[in-house]
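Participant: Provided below are the primary sequence and the corresponding predicted coordinates.
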Amino acid sequence: MKTPANDNDHITSTAASPAVWLAEGQSSQRDMLASLQTLKNHADTPFNIIASHRHNRPEIFEFADSVYREPSTSTADNDEQAVLESVEPLMPRWQFVLEQAQKNNVKVLLTGRNGIDYEAQREAFVAAGIRLLTGAASVAALEVIDDKFAFMQQCHEHDIPVAEAWRFDNVAELEALLATYGHQPLCVKPVTGIFAQGFWRLDLAKNDGEQYDSFEHLYFTEEKKINTAQFINAYANSVMVQERPIPMLLMPYLSGQEYSIDVVCEYGEVLAAVTRYKTGKIQHIGYEQAVMDVVIPLIKAFGCDGIVSVQTKADDDGHHRVLEINSRPSGGIDYTTHSGVDLTQVGFAYWLGLTDKPILADIAQQITPCQVRSIMVGVKVEEDITE
């Protein structure tokens, strides 16, 4: 498959029909494309499915009718390396996608991992007749969502139950916060980040002064527990933090059940949603009204638009509190298909005009609670794939 970056070579089918475009996502692009192919096979109105990515990803592209390589500053596999690269792409990603979308009669574009770049050019996409789905309807909203501290402050302003958080930018601030709030179980995480990157539980307020073993976080890595003194020492002596400061949050560790909620929404209105929680390796899929009572006003407050995911966690009293919004589909959105409600199909069928506007109450009635186990699947790639 020839899909070189920064040029117009691509694999394509006819562009006469309307099209949907899924730009590079974090981890669910392949599953969503597969759902769209199923929708296409059962739809009375034909449409084309386009996918793009900055890397050559045949396991993703195999579910698209047309594929493009997005312009990128780096072909490095590591996102951190891409951040450090100073080379400019031949064309901004949003401009490349817009030009190709206009040629391919694209009607709906889900932007995935680069939503802010696209959102800043919303007027150009609207003028081209393209329904742009970035997760919100303004750059300001997306920036607040990405900044977990600003996000939590705005939740408070809207009287939305949210986890408490205190920001620190250096060791002195961290130690001062620990002196004030160290009587309770605490955790830390970066102000910005994904996939639980940088999240750690501290061993404060454990019974009888018990501490996490000094080797525990290196051995039981999935437990995300670290001795507090070791965290402070690592943070204080980190060359990485000194060279590229990482704003962090200190938060109470909530002991209740954590939920992930996949949401189809339009300008702040929830059209469809599926809730899920995890015990061990099992995902429990359903529709928890108590959780949705928190999610619905949250989506409204931030004007969320597209397919987003929300994380909540119950406190010691069982009250659900918001942790964050991810302004893009979650990696587990495909789990929703097992409930009888495929949220990818629900959203895109509506945005393509194949169905009427979804009604949340009706969608909730269609959900069949179930349990899902995720498994790893391998795909064969060509020898020239280096990622």
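Facilitator: Done, it's in.
Participant: Check which residues of the helix or strand Leu142 falls within are buried.
Facilitator: Per DSSP states H and E: Leu142 is located in helix 139-146. Of the residues in helix 139-146, Val139, Ala141, Leu142, Val144, Ile145, Asp146 count as buried by neighbour count, 16 or more other C-beta atoms under 10 Å. Glycine gets a C-beta too; all of them are placed from N, C-alpha and C.
Participant: now stretch 217-236
Facilitator: His217, Lys225, Ile226, Asn227, Thr228, Gln230, Phe231, Ile232, Tyr235.
Participant: Who are the contact partners of the second one?
Facilitator: Right, the one you point to is Lys225. Going by C-beta atoms under 8 Å, 6 or more residues apart in numbering, Lys225 touches Trp200, Arg201, Asp203, Tyr212, Glu216, His217.
Participant: Tell me the confidence at it?
Facilitator: For Lys225, the pLDDT comes out at 89.
Participant: how far away is it from Asp213?
Facilitator: 9 Å (C-beta to C-beta, to the nearest Å).
Participant: Surely Cys370 and Ile285 touch.
Facilitator: Yes. Contact criterion C-beta atoms under 8 Å: Cys370 and Ile285 qualify, at 5.1 Å.
Participant: if you count what's nearby, which of those two comes out ahead?
Facilitator: Ile285 (24 against 14; other C-beta atoms under 10 Å).
Participant: For that one, give me the pLDDT.
Facilitator: Model confidence at Ile285 (pLDDT) stands at 98.
Participant: any idea whether it is helix, strand or coil?
Facilitator: Under the three-state scheme (DSSP: H, G, I helix; E, B strand; the rest coil), Ile285 adopts strand.
Participant: Likewise for the one 10 residues further on?
Facilitator: In terms of secondary structure, Val295 is helix; the call rests on three-state DSSP.
Participant: Pull the contacting residues for it.
Facilitator: Contacts of Val295 by C-beta under 8 Å, 6+ apart are Ile261, Val263, Val270, Ala273, Val310, Thr312, Val322.
Participant: where in the stretch 201-350 of the chain is pLDDT low?
Facilitator: 205-209 (pLDDT under 70).
Participant: Which residue ranges of it form helices?
Facilitator: According to DSSP state H, counting those that start in this stretch, the stretch 201-350 of the chain carries its helices in the segments 216-219, 228-236, 239-243, 289-302, 343-351.
Participant: Any chance of the contacts of Val295 in JSON lines with distance to Glu24 and neighbour count as columns?
Facilitator: Converted to JSON lines, the contacts of Val295 look like this (distance: C-beta to C-beta, whole Å; neighbours: other C-beta atoms under 10 Å):
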{"residue": "Ile261", "distance to Glu24": "23", "neighbour count": "26"}
{"residue": "Val263", "distance to Glu24": "21", "neighbour count": "28"}
{"residue": "Val270", "distance to Glu24": "26", "neighbour count": "22"}
{"residue": "Ala273", "distance to Glu24": "24", "neighbour count": "28"}
{"residue": "Val310", "distance to Glu24": "22", "neighbour count": "24"}
{"residue": "Thr312", "distance to Glu24": "27", "neighbour count": "29"}
{"residue": "Val322", "distance to Glu24": "27", "neighbour count": "22"}
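Participant: Which of those sits closest to Lys189?
Facilitator: When the contacts of Val295 are ranked by distance to Lys189 (C-beta to C-beta), Val322 comes first, at 14.3 Å.
Participant: which one of the contacts of Val295 is nearest Val239?
Facilitator: Val322 (34.4 Å).
Participant: Is that closest one in contact with Val162, as I believe?
Facilitator: Yes. The pair Val322 and Val162 qualifies as a contact (C-beta under 8 Å) at a distance of 4.5 Å.
Participant: shared neighbours of the two, which are they?
Facilitator: Cys155.
Participant: Now do the same contact list for Gln95.
Facilitator: Residues near Gln95 by C-beta under 8 Å, 6+ apart: Gln121.
Participant: quick one: pLDDT of it?
Facilitator: 97.
Participant: Give me the phi and psi for it.
Facilitator: Note on Gln95: backbone dihedrals following degrees, to the nearest 10 are phi -70, psi -40.
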